[in-house]
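**Q** sequence unknown, structure follows:
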């Protein structure tokens, strides 16, 4: 195989109470890449579409490029890789756009080289690439995007990632047409948390995991409650509380900021509810005179996958 | 039935990373009570043994008495209850002694009255009784003691308690002959926690629950790690780090302070390991010139139970 087209799912990091420890993959939106083996060493990005010219084509400034560079260095090959990147999701949306591209590219490259490395090994290269996007080697987008499903990052040092089974859940994403910079969203967070809130947050993260194992939707719903980060970050999103309320009032199990925003996610039991919830959230943003896009899909449980390469975009 | 003898298990609250949210019941030590129906209303404590005269016999100052008073008030009866309390565990040990007596008494009283209330209802009366012991209606001892097993308290308002299945685990308790007052142990806690530690703690509580559901002993072991409370409270226990290290070096999955101390618990995969661990911990205390008692038992999964009443103590 000399060429492959790969889809990778985007992801919702933090997931309400799970700041910096939870993330899950969603089937929509996502990115596609075409990767080809070339005989010269190194990584070349030959094409990027869907980014309105905003992403760098230089391989060492682009997360897809950096991840594949780390991969090639690790497998010690004389060959190189050519990447075409088809962005099919918004940038700076809180859905791990940079992580999605990196996961798609490195997964594709690994397949081309005969699947020589495990996903656990690939994870390290995608975390490396997150450094240029976020300033630190975060895993809460790349890990769910790569492994699929709901992922718990117990610890970074040593890296300890646990995949958590969930019931079939649908995710509604509403992406408002506003900008929140990840670095700003991190900067405003108070460095200290009062002990009472720590206890409440720990109770919720523990109960969310229990809810997933017990398939207890009510418990999942009660646990999707963030008393620490959401109250601080939601001020970047005009109308946040109204949009969240619209989700909950229309049957969502829970709703909060996706990553550092501005997208808001809602988890729902059925596709029908997810659609109603999406419309209600969009209307709530309209009342703030904010346009938005809706994405609805199941939690993606497989991570990236090969797709048929019959398109030019 | 006019009379019943009941054993209730003691409990380990907090459980390392789970400050104020986790607790589990252990089969040893525990308390026994004999409860009898009497025709006059009210609660009378007729006998207390094993407390060295330290516990009040006045029903409204004794947790067993208060819990049964609340119970009788709730079921609106003209009858009363007589309680004999056989303390078979140390007071102020960090094992929920006051909770254990209350659970035994109210469970017995409920059986005498035909099991008219559920354990969920009984819990409220035992929490009421915790107010006189701790100053607040904590549930992290009474809930595991009453329900058995490992218990997660997701929230107090509203009260939301989740029983978590665990693999068969043995618990070693080492109770050193020193005194730590719960109120003092609470008082020294810093009211604020740095965000980095909150993330680490949340990762551990989530992973501990996952480890229990996955029956993953390694994950359980890695998750039994408290970066917030243990470093502050362990200073009340001379030699704490040495005792903990002795437990871990001898095969315990994890070890930390039980409740607010001074007892230290260690969770172990087998009875044989639990015994070795207990001896090693006791030796570590000996090096500090501190005497100690060892208790070893399985996690108690049933809560209180009727026992044969052929003893006078």
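**A** Structure's in. What do you need? Values in this document were obtained by computation on a predicted structure and should not be read as measured data. Numbers count the residues shown, from 1 in each chain, chains lettered A, B, ... in the order given.
**Q** pLDDT weak spots in the stretch 51-200 of chain A?
**A** Filtered on pLDDT under 70, the stretch 51-200 of chain A yields no residues whatsoever.
**Q** just the helices from it, written as ranges.
**A** Counting by DSSP state H, counting those that start in this stretch, the stretch 51-200 of chain A has these helices, from start to end: A:63-75, A:97-112, A:119-134, A:142-147, A:182-187, A:195-214.
**Q** nearest to chain B, of the ones you listed?
**A** For the helices of the stretch 51-200 of chain A, proximity to chain B was assessed by C-beta to the nearest C-beta; helix A:195-214 is nearest, at 4.0 Å. (Each C-beta comes from the backbone N, C-alpha and C, glycine too.)
**Q** helices or strands up against that closest one?
**A** For helix A:195-214, the packing partners by 3 or more C-beta pairs under 8 Å, 6 or more residues apart in numbering or on different chains; DSSP states H and E come out as strand A:159-164, helix A:217-223, strand B:150-156, strand B:159-164, strand B:192-194, helix B:195-214.
**Q** which bits of the stretch 151-300 of chain A sit near chain B?
**A** Neighbours of chain B within the stretch 151-300 of chain A, by C-beta under 8 Å from any C-beta of the partner chain: A:152-155, A:160, A:162, A:164, A:189-195, A:198-210, A:213, A:219, A:222-223, A:228.
**Q** now do 6 Å
**A** A:152, A:154-155, A:162, A:164, A:191-195, A:198-199, A:202-203, A:205-207, A:209-210, A:213 (C-beta under 6 Å from any C-beta of the partner chain).
**Q** what subset of these is buried?
**A** Buried subset of these (neighbour count, 16 or more other C-beta atoms under 10 Å in any protein chain shown): A:152, A:154-155, A:162, A:164, A:193, A:195, A:198-199, A:202-203, A:205-207, A:209-210, A:213.
**Q** residue A:303: what's it in contact with?
**A** Going by C-beta atoms under 6 Å, 6 or more residues apart in numbering or on different chains, residue A:303 touches A:146, A:147, A:148.
**Q** let me see the backbone angles for residue A:257.
**A** Backbone torsions of residue A:257, given as degrees, to the nearest 10, read phi -70, psi 140.
**Q** ok, what's across the strand from it?
**A** Taking DSSP bridges as the rule, residue A:257 bridges to residue A:264.
**Q** quick one: it from residue A:249, how far?
**A** 18 Å (C-beta to C-beta, to the nearest Å).
**Q** more crowded one of the two?
**A** residue A:257 (27 against 11; other C-beta atoms under 10 Å in any protein chain shown).
**Q** follow-up on the earlier one: deepest of the helices of the stretch 51-200 of chain A, which one?
**A** Comparing the helices of the stretch 51-200 of chain A by mean neighbour count (mean count of other C-beta atoms under 10 Å in any protein chain shown), helix A:142-147 comes out on top with a mean of 31.
**Q** and that one, what does it pack against?
**A** strand A:3-13, strand A:22-38, helix A:97-112, helix A:119-134 (3 or more C-beta pairs under 6 Å, 6 or more residues apart in numbering or on different chains; DSSP states H and E).
**Q** I'd like these as JSON lines, with distance to residue A:45 appended.
**A** Below are these laid out as JSON lines (distance: least, C-beta to C-beta, whole Å):
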{"stretch": "strand A:3-13", "distance to residue A:45": "15"}
{"stretch": "strand A:22-38", "distance to residue A:45": "9"}
{"stretch": "helix A:97-112", "distance to residue A:45": "9"}
{"stretch": "helix A:119-134", "distance to residue A:45": "13"}
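**Q** got the ones you listed as CSV, with distance to chain B columns?
**A** Shown next, in CSV, are these (distance: least, C-beta to the nearest C-beta, whole Å):
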stretch, distance to chain B
strand A:3-13, 12
strand A:22-38, 8
helix A:97-112, 19
helix A:119-134, 15
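**Q** wait, which of those is closest to residue A:53?
**A** Taking C-beta to C-beta, helix A:97-112 is the member of the helices and strands packed on helix A:142-147 nearest to residue A:53, at 14.9 Å.
**Q** just the angle between the closest one and strand A:3-13, please?
**A** Orientation check (axes from the mean of the first three to the mean of the last three C-alpha atoms, to 10 degrees): helix A:97-112 against strand A:3-13 gives 140 degrees.
**Q** now the angle between helix A:119-134 and helix A:97-112, please.
**A** Orientation of helix A:97-112 against helix A:119-134 (the same axes, to 10 degrees) gives an angle of 150 degrees.
**Q** who's in contact with helix A:97-112?
**A** Looking at helix A:97-112 with C-beta under 6 Å, 6+ apart, the contacting residues turn out to be A:1, A:4, A:6, A:8, A:10, A:30-31, A:33, A:35, A:37, A:63-64, A:67-68, A:71, A:81, A:83, A:85, A:89, A:91, A:117, A:122, A:125-126, A:129, A:133, A:141-142, A:145-146, A:304.
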